[in-house]
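K.L.:
Quick one: sequence and predicted model below, then my questions.
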Amino acid sequence: MVDSPYSVLKKTPARYRTVHFQQMKEAGGKFAMLTCYDALTAAIFDEAGIETLLIGDSLGNVVQGQSSTLGVTMEDMITFSKAVVAGTDRAFVVADLPFGSYEASVEQAVASGIRLVKETGISAIKMEGGVEYAPHIQALTAAGVAVIAHTGFTPQSEHVLGGFRVQGREDDATQRMVQEAQVLQEAGATMLLMEMVPAEVAAAVDQALTIPTIGIGAGSGTTGQVLVWQDAFGLNRGRVPSFVKRFAEVGDALSDAAKQYREEVLKAEFPDDEHSF
Ligand SMILES: Nc1nc(=O)c2c([nH]1)NC[C@@H]1CN(c3ccc(C(=O)N[C@@H](CCC(=O)O)C(=O)O)cc3)CN21
Ligand SMILES: CC(C)C(=O)C(=O)O
Ligand SMILES: [Mg+2]
C-alpha cells in the first residue's frame, strides 16, 4: 500500500503521487494505466489496483462516437474528469489537454492546465507534443501543474502526420527520441508517454530517463503501459489498433444481458413477484 504523511487522517488507502511512480521505476517495477471516463468504471479499476487512470481525449471516439479526438472540448474533459475523480480512492488520475486548449501560447497552456486541475481534482495533465512544448511544460510545472508529455504518434496531429503511423522508424530515431525525451524531462515533465514507437526505441528512451515512461504500442521496455479500456476489454467491437490485446469480451456480456432482459419482458417473466411491490 502507498505511504502518505496524511494516512492517519483517512480511512481509505492513500492516493498514488508522482513520487511513487518515480520509486517504482527506481526499484525496477512496472505499473498499469487504463483510460476511464465515468465513476462506476473508475471504482472498479481503482479497486482492482490499477495504479493510474487516464481521462483520455479518446473519449471523443469511445464515448462520443466521433472519428477523431479533435472535437473534444475543455468542457467535455472537465465533465468526465470530475466523474472519474469521484469514483477513485487511490489511483493517480490524469486527464488530456484537448486539441486547441494549449497550442497557441504558453499562457494558454498554463490557463488550461490550471483550469483542468482546479475544476476536477485530477493529479496531472497530459499534453501531446515534442521539444516545441518544453516552454509550456516548464511554465505549467512552475505553476504547480504536473505534466505528462506525450510523444511518438500524437493523434491530435493526425492531419500533419498524415495518418495513424508508427513514429521513430528512421535510422537516427533512437538518438532523436532520446534527445527529445531528455529535453522534456529537463523542462519538468513528471512522466513521458510514447505512442506507437518501435519497442527498442522506447526501451532506450526509458533507460536514458530518470522519470517513468508509459507506452501504448511501444513494447515492454517502458515503465508503465496504457490501453483504452473499451478496446482491451471488448466493449469496442469495431476495429482496434493492432497493439491492443483483448483481455475480456465485455461487449458480448452486455449483449447477452440485453437479450435476456428483453426476452423476459416480452414473455412477462420480468418483473416477477420478487421484483414487484
Ligand atoms: N479507441 C481508441 N483507442 C485508441 O488507442 C486511441 C483512440 N481511440 N483515440 C485516440 C488515440 C488514437 N490512437 C490510435 C488510432 C489509430 C491507430 C491505428 O489505426 N493503428 C494501426 C496502424 C498502425 C500503422 O500503420 O503503423 C494499427 O494497426 O495499429 C492507432 C492508434 C490511439 N488512441
Ligand atoms: C491513447 C491514450 C494514450 C490517450 O492519449 C487517450 O486515451 O486519449
Ligand atoms: Mg489522448
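P.N.:
Cool, the structure landed. Residues are numbered from 1 along each chain as shown. Ligands and ions are numbered 1, 2, ... in the order given.
K.L.:
What distance do you get for residue 242 to ligand 1?
P.N.:
Using C-beta to the nearest ligand atom, to the nearest Å, residue 242 is found at 3 Å from ligand 1. Using the backbone N, CA and C atoms, a C-beta is placed for each residue, glycine as well.
K.L.:
same question, residue 80
P.N.:
14 Å.
K.L.:
Now that residue. Nearest residue, chain neighbours left out?
P.N.:
Once flanking residues are discounted, residue 80 sits nearest to residue 37: 4.6 Å by C-beta to C-beta, 6 or more residues apart in numbering.
K.L.:
Which helix or which strand is home to that neighbour?
P.N.:
If you go by DSSP states H and E, residue 37 is not part of any helix or strand.
K.L.:
Am I right that it is in contact with residue 63?
P.N.:
Yes. With contacts counted by C-beta atoms under 8 Å, residue 37 reaches residue 63, the gap being 5.3 Å.
K.L.:
any residues in contact with both of these two?
P.N.:
residue 80 (C-beta atoms under 8 Å, 6 or more residues apart in numbering).
K.L.:
Of these two, give the one with the bigger neighbour count.
P.N.:
residue 37 (24 against 16; other C-beta atoms under 10 Å).
K.L.:
Just list the residues touching that one, thanks.
P.N.:
55, 59, 62-63, 80, 83-84.
K.L.:
what about 6 Å?
P.N.:
59, 63, 80 (C-beta atoms under 6 Å, 6 or more residues apart in numbering).
K.L.:
Close to ligand 3: what parts of the chain are there?
P.N.:
56-57, 96 (C-beta under 5 Å from the ion).
K.L.:
Highest neighbour count among those?
P.N.:
Neighbour-wise, these (other C-beta under 10 Å) top out at residue 56, 30 neighbours.
K.L.:
surely that one meets residue 95?
P.N.:
No. Using C-beta atoms under 6 Å, residue 56 is not in contact with residue 95, being 8.1 Å away.
K.L.:
Give me the buried positions along the host helix or strand of residue 254.
P.N.:
Element membership of residue 254, judged by DSSP H and E, is helix 250-266. Going by neighbour count (16 or more other C-beta atoms under 10 Å), the buried part of helix 250-266 is residue 250.
K.L.:
Kindly export it (C-alpha atoms) in CSV.
P.N.:
C-alpha atoms of helix 250-266 as CSV (Å, rounded to 0.1, in the frame of the first residue of the first chain):
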residue,chain,number,x,y,z
VAL,A,250,-17.5,-7.1,-22.1
GLY,A,251,-19.4,-6.3,-25.2
ASP,A,252,-20.6,-9.9,-25.5
ALA,A,253,-21.6,-9.9,-21.8
LEU,A,254,-23.7,-6.7,-22.3
SER,A,255,-25.3,-8.1,-25.4
ASP,A,256,-26.3,-11.3,-23.7
ALA,A,257,-27.8,-9.4,-20.8
ALA,A,258,-29.7,-7.1,-23.0
LYS,A,259,-31.2,-10.1,-25.0
GLN,A,260,-32.2,-11.9,-21.8
TYR,A,261,-33.8,-8.8,-20.3
ARG,A,262,-35.8,-8.2,-23.5
GLU,A,263,-36.9,-11.8,-23.7
GLU,A,264,-38.1,-11.8,-20.1
VAL,A,265,-40.0,-8.5,-20.7
LEU,A,266,-41.7,-9.8,-23.8
